[in-house]
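A.B. asks: My questions are about this predicted structure, shown below with the sequence.
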Amino acid sequence: MAPDGRVIESFDVPGGPSGIGWLPDGDMLIVSIADLCVYRRCSDGRIVRHADLSGHHRFHTNDMVVDALGNGYVGEVGFRVGEEDPRSTCLLLVRPDGSVHVAAEDLMTPNGAVISADGRTLIVAESRRMRLTAFTIAADGMLTDRRLFAQLAPEQVPDGICLDEEGCIWVASPRASAVLRVSPTAGVIEEIAIEGAKPYACMLGGTDRRDLFICLAKDHDPERTRQARSGAMAVAQVAVPGCGYP
(Lines give C-alpha, C1' and ligand atoms only; values in the text may rest on other atoms or scores of the structure.)
Protein backbone atom coordinates (compact mmCIF):
# COMPACT_ATOMS: atom_id res chain seq x y z
CA MET A 1 0.00 0.00 0.00
CA ALA A 2 1.28 3.47 -0.92
CA PRO A 3 1.32 6.34 1.66
CA ASP A 4 -1.71 7.89 -0.06
CA GLY A 5 -3.75 4.72 0.46
CA ARG A 6 -3.43 3.26 -3.03
CA VAL A 7 -3.13 -0.54 -3.13
CA ILE A 8 0.06 -1.31 -5.08
CA GLU A 9 -0.24 -5.08 -4.88
CA SER A 10 -2.28 -7.71 -3.08
CA PHE A 11 -2.16 -11.49 -2.84
CA ASP A 12 -3.84 -14.28 -0.89
CA VAL A 13 -2.12 -16.16 1.93
CA PRO A 14 -3.26 -19.71 2.83
CA GLY A 15 -4.70 -19.87 6.34
CA GLY A 16 -5.01 -16.09 6.65
CA PRO A 17 -2.11 -13.66 7.16
CA SER A 18 -0.94 -12.09 10.40
CA GLY A 19 2.59 -10.83 11.21
CA ILE A 20 5.02 -10.07 8.40
CA GLY A 21 8.74 -9.36 8.02
CA TRP A 22 11.58 -9.66 5.52
CA LEU A 23 14.63 -11.86 5.07
CA PRO A 24 17.93 -10.14 4.20
CA ASP A 25 17.50 -11.16 0.54
CA GLY A 26 14.16 -9.28 0.34
CA ASP A 27 11.80 -12.26 0.49
CA MET A 28 8.74 -11.58 2.63
CA LEU A 29 7.87 -13.78 5.60
CA ILE A 30 4.17 -14.08 6.48
CA VAL A 31 2.57 -15.80 9.45
CA SER A 32 -0.38 -18.04 8.56
CA ILE A 33 -2.92 -17.94 11.38
CA ALA A 34 -4.78 -21.20 10.72
CA ASP A 35 -1.96 -23.18 9.05
CA LEU A 36 0.35 -22.69 12.07
CA CYS A 37 3.30 -21.86 9.89
CA VAL A 38 5.36 -19.09 8.35
CA TYR A 39 5.22 -18.73 4.58
CA ARG A 40 7.89 -17.09 2.45
CA ARG A 41 6.95 -15.06 -0.61
CA CYS A 42 9.78 -15.38 -3.10
CA SER A 43 10.95 -12.69 -5.51
CA ASP A 44 9.08 -14.45 -8.35
CA GLY A 45 5.80 -14.30 -6.39
CA ARG A 46 5.70 -17.94 -5.30
CA ILE A 47 4.51 -18.60 -1.74
CA VAL A 48 6.31 -21.52 -0.09
CA ARG A 49 6.28 -22.89 3.44
CA HIS A 50 9.26 -21.47 5.33
CA ALA A 51 8.68 -22.95 8.79
CA ASP A 52 6.21 -25.39 10.37
CA LEU A 53 5.19 -24.22 13.86
CA SER A 54 2.60 -26.90 14.62
CA GLY A 55 4.99 -28.82 16.86
CA HIS A 56 4.84 -25.97 19.39
CA HIS A 57 1.84 -23.75 18.61
CA ARG A 58 -1.66 -25.12 19.12
CA PHE A 59 -4.15 -22.45 18.11
CA HIS A 60 -3.91 -19.37 15.91
CA THR A 61 -0.31 -18.44 15.31
CA ASN A 62 -0.30 -14.66 15.40
CA ASP A 63 2.12 -11.74 15.20
CA MET A 64 5.83 -11.71 14.34
CA VAL A 65 8.87 -9.45 14.27
CA VAL A 66 11.95 -10.20 12.15
CA ASP A 67 15.44 -8.89 12.91
CA ALA A 68 18.12 -7.69 10.50
CA LEU A 69 19.58 -11.21 10.27
CA GLY A 70 16.26 -12.76 9.24
CA ASN A 71 15.41 -14.32 12.60
CA GLY A 72 11.65 -14.26 13.15
CA TYR A 73 9.99 -14.25 16.58
CA VAL A 74 6.44 -15.60 16.39
CA GLY A 75 3.66 -15.73 19.00
CA GLU A 76 0.20 -17.31 19.11
CA VAL A 77 -3.18 -16.90 20.77
CA GLY A 78 -2.66 -20.31 22.38
CA PHE A 79 -6.25 -21.37 23.16
CA ARG A 80 -9.78 -21.03 21.85
CA VAL A 81 -11.17 -17.97 23.58
CA GLY A 82 -14.55 -18.76 25.16
CA GLU A 83 -14.11 -22.51 24.63
CA GLU A 84 -10.98 -23.33 26.61
CA ASP A 85 -9.38 -22.08 29.81
CA PRO A 86 -6.56 -19.58 29.18
CA ARG A 87 -3.13 -21.19 29.05
CA SER A 88 0.37 -19.95 28.46
CA THR A 89 2.36 -20.60 25.32
CA CYS A 90 5.79 -19.89 23.85
CA LEU A 91 7.45 -17.35 21.61
CA LEU A 92 9.19 -19.18 18.78
CA LEU A 93 12.45 -18.29 17.06
CA VAL A 94 12.39 -19.10 13.34
CA ARG A 95 15.88 -18.90 11.89
CA PRO A 96 16.52 -17.86 8.25
CA ASP A 97 16.91 -21.53 7.28
CA GLY A 98 13.38 -22.25 8.58
CA SER A 99 14.44 -24.15 11.70
CA VAL A 100 12.21 -23.57 14.73
CA HIS A 101 13.28 -23.15 18.38
CA VAL A 102 11.49 -22.12 21.59
CA ALA A 103 12.89 -18.68 22.42
CA ALA A 104 10.81 -18.03 25.56
CA GLU A 105 8.09 -19.89 27.47
CA ASP A 106 5.20 -19.04 29.80
CA LEU A 107 3.75 -16.14 27.81
CA MET A 108 0.02 -15.38 27.80
CA THR A 109 -1.01 -14.70 24.20
CA PRO A 110 2.26 -13.18 22.94
CA ASN A 111 1.13 -10.68 20.34
CA GLY A 112 2.82 -7.65 18.76
CA ALA A 113 6.60 -7.46 19.16
CA VAL A 114 9.40 -4.99 18.44
CA ILE A 115 13.20 -5.10 18.40
CA SER A 116 15.33 -2.17 19.52
CA ALA A 117 17.46 -0.33 16.96
CA ASP A 118 20.66 -1.92 18.33
CA GLY A 119 19.14 -5.38 17.92
CA ARG A 120 19.72 -6.29 21.56
CA THR A 121 16.24 -6.09 23.08
CA LEU A 122 12.91 -7.65 22.13
CA ILE A 123 9.67 -6.38 23.65
CA VAL A 124 6.45 -8.36 23.24
CA ALA A 125 2.83 -7.58 24.16
CA GLU A 126 1.30 -10.22 26.40
CA SER A 127 -2.35 -9.58 25.63
CA ARG A 128 -3.81 -11.80 28.35
CA ARG A 129 -1.57 -10.29 31.04
CA MET A 130 -2.14 -6.70 29.88
CA ARG A 131 1.56 -5.98 29.85
CA LEU A 132 4.65 -5.46 27.74
CA THR A 133 7.52 -7.84 28.50
CA ALA A 134 11.16 -7.25 27.54
CA PHE A 135 13.96 -9.73 26.84
CA THR A 136 17.65 -9.49 26.03
CA ILE A 137 18.48 -11.11 22.70
CA ALA A 138 21.48 -13.41 23.15
CA ALA A 139 24.17 -13.87 20.50
CA ASP A 140 22.46 -17.07 19.30
CA GLY A 141 19.08 -15.30 18.99
CA MET A 142 17.54 -16.85 22.10
CA LEU A 143 15.75 -14.65 24.62
CA THR A 144 17.07 -14.13 28.17
CA ASP A 145 16.68 -11.76 31.15
CA ARG A 146 12.88 -11.53 31.13
CA ARG A 147 11.64 -8.29 32.72
CA LEU A 148 8.59 -6.06 32.84
CA PHE A 149 8.58 -3.14 30.40
CA ALA A 150 5.16 -1.78 31.45
CA GLN A 151 1.99 -3.02 33.12
CA LEU A 152 -1.24 -1.73 31.59
CA ALA A 153 -4.73 -1.32 33.02
CA PRO A 154 -7.26 -4.19 32.62
CA GLU A 155 -9.06 -2.43 29.75
CA GLN A 156 -5.82 -1.62 27.92
CA VAL A 157 -5.25 -5.05 26.34
CA PRO A 158 -2.22 -4.69 24.02
CA ASP A 159 -2.33 -6.00 20.45
CA GLY A 160 0.04 -4.71 17.72
CA ILE A 161 2.88 -2.41 18.80
CA CYS A 162 5.68 -0.24 17.39
CA LEU A 163 8.72 1.52 18.85
CA ASP A 164 9.81 5.16 18.64
CA GLU A 165 13.21 6.87 18.91
CA GLU A 166 12.73 7.72 22.59
CA GLY A 167 12.22 4.08 23.51
CA CYS A 168 8.48 4.44 24.02
CA ILE A 169 6.02 1.98 22.49
CA TRP A 170 2.79 2.77 20.69
CA VAL A 171 0.22 0.11 21.57
CA ALA A 172 -2.94 -0.65 19.62
CA SER A 173 -5.56 -1.52 22.25
CA PRO A 174 -8.88 -2.65 20.74
CA ARG A 175 -10.67 -2.99 24.08
CA ALA A 176 -9.73 0.57 25.03
CA SER A 177 -10.60 1.84 21.51
CA ALA A 178 -7.34 3.76 21.58
CA VAL A 179 -3.69 3.74 20.60
CA LEU A 180 -1.46 4.34 23.63
CA ARG A 181 2.10 5.63 23.89
CA VAL A 182 3.76 3.74 26.71
CA SER A 183 6.96 4.73 28.52
CA PRO A 184 9.04 2.13 30.42
CA THR A 185 9.26 4.54 33.35
CA ALA A 186 5.97 6.46 33.34
CA GLY A 187 3.41 4.09 31.80
CA VAL A 188 0.82 5.53 29.40
CA ILE A 189 1.88 9.08 28.52
CA GLU A 190 -0.21 9.72 25.38
CA GLU A 191 -3.50 8.41 24.01
CA ILE A 192 -5.19 8.63 20.62
CA ALA A 193 -8.88 7.76 20.94
CA ILE A 194 -10.51 5.89 18.05
CA GLU A 195 -14.20 6.49 17.33
CA GLY A 196 -16.40 3.86 15.69
CA ALA A 197 -13.76 1.15 15.29
CA LYS A 198 -11.09 -0.77 17.19
CA PRO A 199 -7.33 -0.51 16.57
CA TYR A 200 -5.54 -3.84 16.21
CA ALA A 201 -2.11 -2.85 14.90
CA CYS A 202 0.03 0.23 14.40
CA MET A 203 3.32 1.19 12.76
CA LEU A 204 5.40 4.36 12.47
CA GLY A 205 6.43 5.26 8.92
CA GLY A 206 6.29 7.93 6.25
CA THR A 207 9.15 10.09 4.98
CA ASP A 208 10.07 11.32 8.48
CA ARG A 209 8.72 8.24 10.35
CA ARG A 210 6.20 10.43 12.20
CA ASP A 211 3.12 8.97 10.49
CA LEU A 212 1.43 6.50 12.83
CA PHE A 213 -0.49 4.06 10.61
CA ILE A 214 -3.32 2.36 12.52
CA CYS A 215 -5.17 -0.76 11.32
CA LEU A 216 -8.85 -0.66 12.32
CA ALA A 217 -11.80 -3.03 12.31
CA LYS A 218 -15.22 -3.08 13.94
CA ASP A 219 -14.70 -6.62 15.23
CA HIS A 220 -11.96 -9.16 15.69
CA ASP A 221 -14.06 -12.10 14.37
CA PRO A 222 -12.86 -12.69 10.76
CA GLU A 223 -16.28 -13.86 9.60
CA ARG A 224 -17.94 -10.63 10.76
CA THR A 225 -15.23 -8.40 9.33
CA ARG A 226 -15.37 -10.23 5.99
CA GLN A 227 -19.13 -9.76 5.75
CA ALA A 228 -19.13 -6.12 6.83
CA ARG A 229 -15.90 -5.11 5.02
CA SER A 230 -15.22 -2.92 8.06
CA GLY A 231 -11.42 -2.83 7.92
CA ALA A 232 -9.77 0.55 7.52
CA MET A 233 -6.46 2.36 7.89
CA ALA A 234 -6.07 5.62 9.81
CA VAL A 235 -3.02 7.88 10.02
CA ALA A 236 -2.08 10.12 12.94
CA GLN A 237 0.83 12.58 13.08
CA VAL A 238 3.08 12.13 16.12
CA ALA A 239 5.99 14.17 17.50
CA VAL A 240 8.62 11.45 17.96
CA PRO A 241 9.66 9.42 14.90
CA GLY A 242 9.89 5.66 14.73
CA CYS A 243 13.24 4.15 15.65
CA GLY A 244 13.77 2.67 12.19
CA TYR A 245 13.65 -0.96 11.15
CA PRO A 246 16.12 -3.15 13.05
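C.D. replies: Right, received. Where do you want to start? Quantities reported herein were computed from a predicted structural model and do not represent experimental measurements. Numbering: from 1, shown residues only.

A.B. asks: tell me the SS of the residue of the chain positioned farthest from its centre?
C.D. replies: Among the residues of the chain, the one whose C-alpha is farthest from the average of all C-alpha positions is D44, by Cα atoms, centre = their mean at 26.0 Å. Three-state assignment for D44 (DSSP: H, G, I helix; E, B strand; the rest coil): coil.

A.B. asks: quick one, what contacts it?
C.D. replies: For D44, no residue meets the contact criterion (Cβ atoms under 8 Å, 6 or more residues apart in numbering). All C-beta atoms are positioned from the backbone trio N, CA, C, and that covers glycine.

A.B. asks: swap in the one 10 residues further on?
C.D. replies: For S54, the residues meeting the contact criterion (Cβ under 8 Å, 6+ apart) are L36, C37.

A.B. asks: Where does it sit: helix, strand or coil?
C.D. replies: Reduced to three states with three-state DSSP, the structure at S54 is coil.

A.B. asks: now it: how far from A34?
C.D. replies: Distance from S54 to A34, counting by Cβ to Cβ, to the nearest Å: 11 Å.

A.B. asks: And G119, by the same measure?
C.D. replies: Distance check for G119 against A34: by Cβ to Cβ, it reads 31 Å.

A.B. asks: now do F79
C.D. replies: Using Cβ to Cβ, F79 is found at 15 Å from A34.

A.B. asks: Of those two, which one has the most company?
C.D. replies: F79 (19 against 13; other Cβ atoms under 10 Å).

A.B. asks: And the next helix or strand past the lowest-mean-pLDDT helix or strand in the chain?
C.D. replies: Sorted by mean pLDDT, DSSP states H and E, the helices and strands of the chain end with helix 222-228, the least confident at a mean of 56. Using DSSP states H and E, the next helix or strand after helix 222-228 towards the C-terminus is strand 232-237.

A.B. asks: So for stretch 160-169, first residue to last residue, what's the gap.
C.D. replies: When the termini of stretch 160-169 are compared using Cα to Cα, to the nearest Å, they are 10 Å apart.

A.B. asks: Would you mind giving the domain segments of the chain?
C.D. replies: Per the record, the chain has its domains at 1-151, 155-246, by automatic domain parsing.

A.B. asks: For these, which has the smallest mean pLDDT value?
C.D. replies: Mean pLDDT is lowest for domain 155-246 among the domains of the chain, at a mean of 89.

A.B. asks: Name the SS class of the most centrally placed residue in the chain, please.
C.D. replies: In the chain, the residue lying closest to the centroid (Cα atoms, centre = their mean) is G112, at 2.8 Å. Assigned state for G112: strand (three-state reduction, three-state DSSP).

A.B. asks: just V240 next, same as before
C.D. replies: V240 falls in the coil class when you classify it by three-state DSSP.

A.B. asks: Excluding chain neighbours, what is closest to I123?
C.D. replies: Taking Cβ to Cβ, 6 or more residues apart in numbering, and ignoring the residues beside it in sequence, I123 has A134 as its nearest neighbour in space, at 4.8 Å.

A.B. asks: Helix or strand: which one has that neighbour?
C.D. replies: A134 is part of strand 131-137 when elements are defined by DSSP H and E.

A.B. asks: which helices and strands sit right next to that strand?
C.D. replies: Contacts of strand 131-137 with other secondary structure elements, assessed using 3 or more Cβ pairs under 8 Å, 6 or more residues apart in numbering; DSSP states H and E, are made with strand 100-107, strand 121-126, strand 143-151.
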